[in-house]
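Peer 1: sequence-free structure coming up:
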């Protein structure tokens, strides 16, 4: 993303909402062939050192300010035992002020402890990495769990009374519409009220990148068809398609992830974790040994002067509520060119307009990168 232009000096990012807190837990039993997130092999001793390093960093950045979302991502956070999660949350409460926080733990069905114990530690939302309930799809994705383990994990998560989300993968080679809908329908029947469905993307640094494309993923048309079929199904089930890849029973949306899409700020702790604080984006090095050894994690500065208007446009169009022209003007931009472009996209069926702004349609979500790029160009042309 470009820095502020001379013609349009946007205001600093909005900070009305409390900040969030993200912990990157890098441990995995085995790395999935499609994943490009930083991870290392699990070792119990390393998790103990990791917790101590997290606590040091918490107190280094903690200011006592209000934090209302905490997210344990990975990697495989459920490789931390409940007692370790409890210790981290206890220290979080000393470094920050926690008031009715949403505390999410990502769970791998092949690597989790008793989920009720995590709830006793302070977790109140689980994100379960199911990906599929079809055996051949799980095999292709290199998952260690089978469908029965995944279903049992979701049942257990629901029984705790915590909010439950499940991840799904769309567009695998050979994936049939009936199989995709079976997974989605089954997860909803088990009690999940939030589904995240991601199009399989072949990242250049992953094992999948070394295989012939057609043996791993479907082409764009095949993926688009599956995406549209799933969107229609979710709508008929009463779920809100509130973000490009996310569906929720109204009221069950991820509060933490909404911070990212609503230009909220957050602290990131752990190797490879990103932060957005005081209008500056920075990241910690992707190196567990460095994270464990240093008193405080290093900051790799990514952006020092975030363009708030561009950020709002880029992220806001990922959401079903879209963007507001008045908001853009308050951030320092004349939305004239954008209004003209939005009318063209509406004619093409890619956006739906409303008096105060516009949002992408389901069809527009499929080509969101191209649409958002054109919108950014229209803004920069002013």
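Peer 2: Right, received. Where do you want to start? All values reported here derive from a predicted model rather than from experimental measurement.

Peer 1: Would you mind listing where the chain has pLDDT under the threshold?
Peer 2: 1-15, 213, 381-382 (pLDDT under 70).

Peer 1: quick one, domains of it?
Peer 2: 19-261, 308-380 (automatic domain parsing).

Peer 1: and of these, who's closest to residue 277?
Peer 2: Closest approach to residue 277 among these (CB to CB): domain 19-261, 7.3 Å. Yep, even glycine has a C-beta here, placed from its N, CA and C like the rest.

Peer 1: What ranges does the protein have for its helices?
Peer 2: Here the chain has its helices, by DSSP state H, at 44-61, 82-95, 115-121, 135-140, 147-159, 177-190, 220-236, 255-261, 288-293, 308-316, 325-330, 336-347, 362-366, 368-380.

Peer 1: ok so, going back, mind putting the domains of the chain into a markdown table with distance to residue 298?
Peer 2: Shown next, in a markdown table, are the domains of the chain (distance: least, CB to CB, whole Å):
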| stretch | distance to residue 298 |
| --- | --- |
| domain 19-261 | 11 |
| domain 308-380 | 24 |
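
Peer 1: how about these, which one is nearest residue 273?
Peer 2: Nearest to residue 273, of all the domains of the chain, is domain 19-261, at 4.0 Å by CB to CB.

Peer 1: ok so, going back, could you single out the most deeply buried of the helices of the chain?
Peer 2: Mean neighbour count (mean count of other CB atoms under 10 Å) peaks for helix 308-316 among the helices of the chain, with a mean of 22.

Peer 1: Show me what that one packs onto, helices and strands only.
Peer 2: helix 255-261, strand 323-324, helix 325-330, helix 368-380 (3 or more CB pairs under 8 Å, 6 or more residues apart in numbering; DSSP states H and E).

Peer 1: As CSV, those with distance to residue 140 would be great.
Peer 2: As requested, the helices and strands packed on helix 308-316 are exported to CSV (distance: least, CB to CB, whole Å):
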stretch, distance to residue 140
helix 255-261, 26
strand 323-324, 37
helix 325-330, 43
helix 368-380, 25
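
Peer 1: which one of the ones you listed lies closest to residue 68?
Peer 2: Across the helices and strands packed on helix 308-316, closest to residue 68 is helix 255-261 (CB to CB), at 7.2 Å.

Peer 1: what's that closest one in contact with?
Peer 2: 17, 19-20, 22, 68-71, 102, 104, 243, 246, 264-266, 315-316, 318-319 (CB atoms under 8 Å, 6 or more residues apart in numbering).

Peer 1: which residues touch stretch 219-235?
Peer 2: Contact with stretch 219-235 is made by 170-171, 175, 177, 180-181, 184-185, 195, 197, 199-200, 217-218, 241, 247, 362-363, 365-366, as judged by CB under 8 Å, 6+ apart.

Peer 1: Quick one: closest of the helices of the chain to residue 207.
Peer 2: Of these, nearest to residue 207 by CB to CB is helix 135-140, at 11.9 Å.

Peer 1: What is the distance between that closest one and the centre of its chain?
Peer 2: 23 Å (CA atoms, centre = their mean, to the nearest Å).

Peer 1: and what of stretch 242-257?
Peer 2: Computed by CA atoms, centre = their mean, the chain-centroid distance of stretch 242-257 equals 10 Å.

Peer 1: and that stretch, which residues are buried?
Peer 2: Buried residues in stretch 242-257, counting neighbours by 16 or more other CB atoms under 10 Å, are found at 242-249, 252-257.

Peer 1: same deal with stretch 348-362?
Peer 2: By neighbour count with 16+ other CB under 10 Å, stretch 348-362 contains the buried residues 350, 351, 352, 357, 358, 359, 360, 361, 362.

Peer 1: Report the two of those separated the most.
Peer 2: 357 and 362 (17.8 Å).

Peer 1: So which residues lie in contact with stretch 192-209, not counting its own?
Peer 2: Under the criterion CB under 8 Å, 6+ apart, residues 33-36, 127-128, 154, 158, 163-172, 184, 187-188, 213, 216-217, 223, 227, 230, 234, 239, 245-249, 252-254 lie in contact with stretch 192-209.

Peer 1: Now, these that are in strands?
Peer 2: Here DSSP state E is the test, and the contacts of stretch 192-209 give 127-128, 163-170, 246-248 as lying in strands.

Peer 1: Which one of those sits in the busiest neighbourhood?
Peer 2: Among those, the one with the most neighbours (other CB atoms under 10 Å) is residue 166, at 30 neighbours.

Peer 1: partners of that one in the sheet?
Peer 2: Beta bridges link residue 166 to residue 128, residue 195, judged by DSSP bridges.

Peer 1: re the thing from before, and of the ones in strands among the contacts of stretch 192-209, the nearest to residue 49?
Peer 2: Nearest to residue 49 out of the ones in strands among the contacts of stretch 192-209 is residue 127 (CB to CB; 25.0 Å).

Peer 1: Contacts only, for the closest residue to residue 215 other than its chain neighbours.
Peer 2: Once flanking residues are discounted, residue 215 sits nearest to residue 173: 5.7 Å by CB to CB, 6 or more residues apart in numbering. If you count contacts by CB under 8 Å, 6+ apart, residue 173 has them with 140, 214, 215, 216, 217, 218.

Peer 1: Against residue 366, how distant is residue 173?
Peer 2: 19 Å (CB to CB, to the nearest Å).

Peer 1: Repeat that for residue 119.
Peer 2: Taken as CB to CB, the span from residue 119 to residue 366 is 37 Å.

Peer 1: hang on, isn't residue 160 packed against residue 119?
Peer 2: Yes - shown here, residue 160 and residue 119 form a contact pair, counting by CB atoms under 8 Å, at 4.8 Å.

Peer 1: Go ahead and confirm residue 162 touches residue 126.
Peer 2: Yes - using CB under 8 Å as the test, residue 162 is close enough to residue 126 to be in contact (5.5 Å).

Peer 1: joint contacts of those two?
Peer 2: Counting by CB under 8 Å, 6+ apart, the contacts common to residue 162 and residue 126 are residue 115.
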